[in-house]
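Novice: below are the sequence and a predicted model; questions follow.
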Amino acid sequence: MLIYENKKAKLLNILKIGINPFKKFVATGEIKEELGFVSSRKDLMESISSIIRSNENFILPIIGDVGSGKTHLFWNLKNKLLFHNTFYISLENYRKFYYSLYSEYIEELRVEFLRSIANKLCNEWGALERKFGFFHVADINKVRITAFEKISKGFEDKIALNDIINAITAHQLDPYKKLEAENWLLGELMDFRDLAHLNLLYDLRKKSYAFTMLKIIIENSKKGSVLFIDDFEKIISLMKPEEGSEEIFDPSYFYGSEGSSLDNIAAQKILEKILNLQKIRSIKIIITLNSIDSLEEIQRNIQEKEKKLLLTFKKPLILSNFTEDDIFEFYRKNMKHFLKSVNYLKFTEENTESYFPLNENILRNIYKKANGNPRQILKLLIKIFNEIIYSDDTLENIIQSYEK
Amino acid sequence: MNDKNIVLFDYIKNSRVKGEFSGSIISKFKEYVNYIIFSDNIKISDDNEVQISQGLMVGFERGVKKHLAFSKKDDFIWNNIDDCPLEYSVLIPDEIMEQYDEGQFSDAFPYTITMLHTAGLYQKDPDGFSVDHLEFFQGEILKNPVGLISRGICVADRVVIDHRGDPVFYDSIIVGRNEKDDLSVSYEPLVNVKMDDDILRFIIILGIENLKE
């Protein structure tokens, strides 16, 4: 029978296995973040949610220092906005922007979503017309004509729209082309023979096709769509060639003069494509930037192109660093999450006020040293815990060294 | 439209609702012929005239040595509803039709057999001219079946003949009488008919030629 258990020693033993409760200090759009926001940021979350709920189309800038938790904000929004599909967009890979964006949608929402949209659209286009009051004998050509008449007004590229209608109706009404049509709708790359079988010109890699398809699925989705474009400054850095960078050849020879490089052109195009998304009803865009200066620079650039697009920009929201109280809450939440993962939640239940193996003084020191920046705080916590885990020194000595 | 108005005409209960109706309407002939008319309209005028414009009549007709299934599109007019061969006309409620529509599109069956011409899959006839192709179509999916099961009509999206040779109707609308002879309409995603129960009167597979025109 176990009469007494030294729980602190047991926790230390668990840590000594080599598991650091603070693992990564950079959030990414791919790996899900479970932990919610600290209390001081809840007002910001509420403001963002309220803007999303009460507006149809907008671009909302979020300004925050490097490491202040802008990417972590994405995961909080994704977990909170249950009636929206929230997507993380990185400008690192900006080639074939609309196609990549469409692929993100399909990867996230799965084929069932696509099938249900195709089904809904075909029903709206008259596929369920009943002969003699009962029998569905869908005339595929009639459905296509109805579809085109009904929706073509809102689309610029009529050829793309026509092909998309053909693919959607083939998917729903032509059992012998269903499989190929589904592959096409999923964005798979197709050769000429496959396209000819479906009577289509291009697959969704074609810019206008991907954009038209995005417009159709977003506008017909029951949930709203939020695009979270992280590190929007990337646009500016691409527009400005790095000073002192060595050019192998003079790009102006090919691309014209005055700062027009390959990257510059690409950046201009990507900016145009993002702004063009505003033509899709009920798309909400959140962009994150490191400074207000960057935002102003982007806005100046947009103003030169189309002034009225600036109206879609909301007043920027600021993501501040942690307050001193936040670090305690943050530490507790992380430790609780860690203890849950190692099935030792009993420790927190019996040590509710404890910051073991650290203490209040150390956390305060960390806060000061990091100036409240969450990423710096995490880096310091990882460092201390690594020392606790791997050092042969006693816990007391380690704690003492960090309390100074 | 309230529930009472679902039954537009019932010869046995001596009820009728006068007026023009549109939607999904099933009219059944009296027992001696058992024809069924599917239509999207019916008019029962004040002077008891019945008109169905461009309805689809389905049933078995007597051939030289056998009974043949048929379906034909026509206008039907009877001067006096009391003398007409109709037993009842029922307007299927919208909510049931919505379920029926959803069932049709809920899945894709690329290997469903759609007949070009209307054909009899099964008929149990007291004259001895029975039709039974159930074994031939065992395991196959047949589109647009119409069945007469005991006293009920079963219109389904598809029928599958299972490994025991029993027909299973999918996505079905059932019109039938209860023990008090009241007519009722229901939607059943699946109707399994056991041949051993001896309740199946006929199954007709509607051909696409009449439906496409």
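Specialist: Thanks, I have it. Numbers count the residues shown, from 1 in each chain, chains lettered A, B, ... in the order given.

Novice: what about A:Tyr105, distance to chain B?
Specialist: Computed as Cβ to the nearest Cβ, to the nearest Å, the A:Tyr105 to chain B distance reads 22 Å. C-beta coordinates here come from the backbone N, C-alpha and C atoms, glycine included.

Novice: so that residue: helix, strand or coil?
Specialist: Here A:Tyr105 is helix, with the state taken from DSSP: H, G, I helix; E, B strand; the rest coil.

Novice: check contacts around residue 68.
Specialist: I went with chain A, as the question did not name one. Contacts for A:Ser68 (Cβ atoms under 8 Å, 6 or more residues apart in numbering or on different chains) come out as A:Leu319, A:Ser320, A:Asn321, A:Asn373, A:Pro374, A:Arg375.

Novice: ah, no, chain B please
Specialist: Each residue near B:Leu68 by Cβ under 8 Å, 6+ apart is listed here: B:Phe60, B:Glu61, B:Arg62, B:Gly120.

Novice: one step back: report the buried members of the contacts of A:Ser68.
Specialist: Among the contacts of A:Ser68, the ones that count as buried by 16 or more other Cβ atoms under 10 Å in any protein chain shown are A:Leu319, A:Asn321, A:Asn373, A:Pro374, A:Arg375.

Novice: nearest to chain B among these?
Specialist: Closest to chain B out of the buried ones among the contacts of A:Ser68 is A:Leu319 (45.3 Å), distances taken as Cβ to the nearest Cβ.

Novice: pretty sure that closest one is touching A:Leu73, no?
Specialist: Yes. Counting by Cβ atoms under 8 Å, A:Leu319 touches A:Leu73, with 6.5 Å between them.

Novice: now do the shared contacts for these two.
Specialist: Taking Cβ under 8 Å, 6+ apart as the contact rule, A:Leu319 and A:Leu73 both touch A:Ile62, A:Thr288.

Novice: related to what we said a few turns ago, inside helices: which ones of the buried ones among the contacts of A:Ser68?
Specialist: Members of the buried ones among the contacts of A:Ser68 lying in helices (criterion: DSSP state H): A:Pro374, A:Arg375.

Novice: what stretches of the chain score poorly on pLDDT?
Specialist: Reading this off chain A. Chain A contains residues with pLDDT under 70 at A:1-4, A:25-30, A:34, A:94, A:240-262.

Novice: think we crossed wires, I meant chain B
Specialist: For chain B, the stretches flagged by pLDDT under 70 are B:1-5, B:105-110, B:126, B:213.

Novice: on that earlier part again, can you tell me which of the contacts of B:Leu68 are up against chain A?
Specialist: Residues of the contacts of B:Leu68 in contact with chain A (Cβ under 8 Å from any Cβ of the partner chain): none.

Novice: mind checking which of those are buried?
Specialist: The buried subset of the contacts of B:Leu68 - by 16+ other Cβ under 10 Å - is B:Phe60, B:Gly120.

Novice: from the contacts of B:Leu68, which is closest to B:Glu87?
Specialist: Among the contacts of B:Leu68, B:Phe60 lies closest to B:Glu87 (Cβ to Cβ), at 16.4 Å.

Novice: what comes up buried for the host helix or strand of that closest one?
Specialist: Assigned by DSSP states H and E, B:Phe60 belongs to strand B:50-62. Judged by neighbour count using 16+ other Cβ under 10 Å, the buried positions of strand B:50-62 are B:Val50, B:Ile52, B:Gly55, B:Leu56, B:Met57, B:Val58, B:Gly59, B:Phe60.

Novice: which among the residues you listed gets closest to B:Leu134?
Specialist: Nearest to B:Leu134 among the buried residues of strand B:50-62: B:Phe60, at 15.8 Å, using Cβ to Cβ.

Novice: what's stretch A:367-378 in contact with?
Specialist: The contact list for stretch A:367-378 (Cβ under 8 Å, 6+ apart) reads A:22, A:24-26, A:65-69, A:72, A:321-324, A:326-327, A:330, A:366, A:379-380.

Novice: care to break chain A down by domain?
Specialist: By the assignment in automatic domain parsing, chain A contains the domains A:2-29+A:323-403, A:97-218.

Novice: just name the most buried of the ones you listed.
Specialist: domain A:97-218 (a mean of 18; mean count of other Cβ atoms under 10 Å in any protein chain shown).

Novice: put the alpha carbons of the helix ranked longest in chain B into CSV.
Specialist: The longest helix of chain B (DSSP H) is helix B:94-105. The C-alpha coordinates for helix B:94-105 follow below in CSV (Å, rounded to 0.1, in the frame of the first residue of the first chain):
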residue,chain,number,x,y,z
ASP,B,94,-44.5,18.7,-50.4
GLU,B,95,-42.5,17.5,-47.3
ILE,B,96,-42.8,13.9,-48.5
MET,B,97,-41.7,14.9,-52.0
GLU,B,98,-38.8,16.7,-50.6
GLN,B,99,-37.7,13.6,-48.7
TYR,B,100,-38.2,11.6,-51.9
ASP,B,101,-36.0,14.2,-53.8
GLU,B,102,-33.3,14.0,-51.2
GLY,B,103,-33.2,10.2,-51.3
GLN,B,104,-32.8,10.3,-55.1
PHE,B,105,-29.7,12.4,-55.0
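
Novice: can that helix be found next to chain A?
Specialist: Yes. In terms of Cβ under 8 Å from any Cβ, part of helix B:94-105 sits within range of chain A, namely B:Met97, B:Tyr100, B:Asp101, B:Gln104, B:Phe105.

Novice: so the residue nearest the centre of chain A: helix, strand or coil?
Specialist: For chain A, the residue nearest the mean C-alpha position is A:Tyr88 (1.1 Å; Cα atoms, centre = their mean). Assigned by three-state DSSP, the conformation of A:Tyr88 is strand.

Novice: then the one 5 residues further on?
Specialist: For A:Asn93, the secondary-structure state derived from three-state DSSP is coil.

Novice: contact partners for A:Tyr402?
Specialist: Counting by Cβ under 8 Å, 6+ apart, A:Tyr402 touches A:Leu358, A:Ile362, A:Asn365, A:Ile384.

Novice: for A:Leu381, see how far away it is.
Specialist: According to Cβ to Cβ, to the nearest Å, A:Tyr402 stands 11 Å off from A:Leu381.

Novice: re the thing from before, mind putting the contacts of A:Tyr402 in a markdown table, secondary structure and distance to chain B included?
Specialist: Formatted as a markdown table, the contacts of A:Tyr402 follow (DSSP: H, G, I helix; E, B strand; the rest coil; distance: Cβ to the nearest Cβ, whole Å):
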| residue | secondary structure | distance to chain B |
| --- | --- | --- |
| A:Leu358 | coil | 57 |
| A:Ile362 | helix | 60 |
| A:Asn365 | helix | 62 |
| A:Ile384 | helix | 57 |
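
Novice: from those residues, which is closest to B:Glu20?
Specialist: A:Leu358 (82.6 Å).

Novice: and chain B, which residues reach chain A?
Specialist: So far as Cβ under 8 Å from any Cβ goes, chain B lies against chain A at B:23-26, B:38-41, B:54-56, B:73, B:92, B:97, B:100-101, B:104-105, B:108-112, B:144, B:155, B:173, B:206, B:208, B:211-212.

Novice: what subset of those residues is buried?
Specialist: Neighbour-count burial (16+ other Cβ under 10 Å) is assigned, among those, to B:23-26, B:38-41, B:55-56, B:92, B:97, B:100-101, B:104-105, B:108, B:144, B:155, B:173, B:206, B:208, B:211.

Novice: rewinding a little: tell me the buried residues in the helix or strand following the longest helix of chain B?
Specialist: Remark: after helix B:94-105, the chain's next helix or strand is strand B:119-123, criterion DSSP H and E. Within strand B:119-123, the residues that count as buried by 16+ other Cβ under 10 Å are B:Ala119, B:Gly120, B:Leu121, B:Tyr122, B:Gln123.

Novice: which strands or helices does the helix or strand that strand B:119-123 is followed by pack on?
Specialist: Counting by DSSP H and E, the element after strand B:119-123 in chain order, helix or strand, is strand B:131-132. Secondary-structure packing of strand B:131-132 (3 or more Cβ pairs under 8 Å, 6 or more residues apart in numbering or on different chains; DSSP states H and E): strand B:119-123.
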